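Student: Curious how this folds, go ahead:
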Amino acid sequence: MHPCRRAAWVSLGYTSTRLRALQALGKRVNHPTHLVDAVLSVNEEQKRLVWRRLHKLYGSVKGLNLGVLGLTYKPGDQHLAAIGRN
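Tutor: Modelled structure (predicted):
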């Protein structure tokens, strides 16, 4: 089996470091990594979006205490499914 095909199914849930490793693997074996490239691009744009919004609201983030919360979703996760039923 081609190394990129074997690794592709796990790429979406991995951190950007692991996605970049998959991207490098694709280059090494001369295999396109369009989906990985797109995921990394969207993730980078999301970070820029947060900074643009903060700068629009506050002008500068210097001296601010910021907290960042994140949420991940796994299909079939019973905890998240229960939230929608309450």
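
Student: CA only for contacts and neighbour counts going forward, please
Tutor: OK.

Student: low-confidence ranges in the protein?
Tutor: Filtered on pLDDT under 70, the chain yields the residue ranges 1-14, 70-86.

Student: Give me the secondary structure label for A21.
Tutor: helix (DSSP: H, G, I helix; E, B strand; the rest coil).

Student: Let me know the distance separating it from V61.
Tutor: 32 Å (C-alpha to C-alpha, to the nearest Å).

Student: can you pull out the helices in this structure?
Tutor: Assigned by DSSP state H, the helices in the chain fall at 3-8, 16-28, 34-58, 78-85.

Student: what packs against the third one?
Tutor: In this structure, helix 34-58 makes packing contacts with helix 16-28, judged by 3 or more C-alpha pairs under 8 Å, 6 or more residues apart in numbering; DSSP states H and E.

Student: Who are the packing partners of the helix it packs on?
Tutor: Packing partners of helix 16-28 (3+ C-alpha pairs under 8 Å, 6+ apart): helix 3-8, helix 34-58.

Student: Those helices into TSV, with extra columns for distance to G26 and mean neighbour count?
Tutor: Shown next, in TSV, are the helices and strands packed on helix 16-28 (distance: least, C-alpha to C-alpha, whole Å; neighbours: other C-alpha atoms under 10 Å):
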stretch	distance to G26	mean neighbour count
helix 3-8	6	12
helix 34-58	10	12
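
Student: G67 is nearest to which of these?
Tutor: The minimum distance between G67 and those falls on helix 34-58, with 12.1 Å, by C-alpha to C-alpha.
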